[in-house]
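S.K.: 3D model of this:
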Amino acid sequence: MSKSKTKIINILQIGDPILKQISMSVKIEEMGSAKTNSIIKDMQTAVRSQADGIAISAPQIGQLYRIFLISNRIYEVLGEKKEKAEKRSDIVFINPKIIKFSKEKTWAEEGCLSVRNMFGRVQRSKKVVFEALDENGKKISRGFSGILAQIIQHENDHLNGILFVTKAKDLQEIPPPEENVQTL
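M.R.: Purely as a prediction, here's the structure:
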């Protein structure tokens, strides 16, 4: 009897040149393709491999495509019970575009799966209006606020070759997070 191996997906770390590159849009004909679905699956595997991960972008796994996802773990952060949150789907965004930023901004603590154990405060708009396609090619257009607006801005930065440390103040190295701390 053979045991199936869990695929290990490496998350690129600060210093890798891929993280500084601008990602390419996913072509309409690539929507739902085996290649695009494989990238999404690898992103899900990578974010789930990190106890504190709640979101990840394709460049973080070495794929320069304009795709990111927010793990279903976000629902726990938003107050749902773990059992209910785990039954929800991850939220996939393809070819995302922030079309409006609120003028009102806030400083929020951020970390990153590609800059392990570093945290800092980043100024982000409190609200964003956002357009993207989901994994089925269906258009998503809506506003987000709070932590979801923060995540969207953070992950969208990844697609533009920007790491949070270039915007952060009060950077500090903190030992590996406890289970209840989330990293974008």
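
S.K.: which secondary element of the protein has the worst mean pLDDT?
M.R.: helix 82-86 (a mean of 85; mean pLDDT, DSSP states H and E).

S.K.: quick one: buried residues of it?
M.R.: Buried residues in helix 82-86, counted by 16 or more other C-beta atoms under 10 Å: residue 85. To be clear about C-beta, it is placed using only N, CA and C from the backbone, and glycine gets the same treatment.

S.K.: what's in contact with the helix or strand that comes right after it?
M.R.: Tracing the chain past helix 82-86, the next element assigned as helix or strand by DSSP states H and E is strand 91-101. With contact meaning C-beta atoms under 8 Å, 6 or more residues apart in numbering, strand 91-101 is reached by 25-26, 31, 36, 40, 66-70, 74, 125, 127-135, 137, 140, 152-153, 155-156, 159.

S.K.: Now for the closest residue to residue 72 other than its chain neighbours, how many residues are close by?
M.R.: Excluding the flanking residues, the one nearest residue 72 by C-beta to C-beta, 6 or more residues apart in numbering is residue 88, at 4.4 Å. Counted with other C-beta atoms under 10 Å, residues neighbouring residue 88 total 14.

S.K.: For residue 88, give me its contacts.
M.R.: Counting by C-beta under 8 Å, 6+ apart, residue 88 touches 72, 75, 80.

S.K.: Show me where the protein has its strands.
M.R.: Using DSSP state E, the strands of the chain run over residues 55-57, 67-70, 91-101, 105-112, 115-125, 127-133, 139-145, 169-173.

S.K.: Show me what the shortest one is packed against.
M.R.: Right, strand 55-57. In terms of contacts (3 or more C-beta pairs under 8 Å, 6 or more residues apart in numbering; DSSP states H and E), strand 55-57 is packed against helix 34-48, strand 67-70, helix 146-159.
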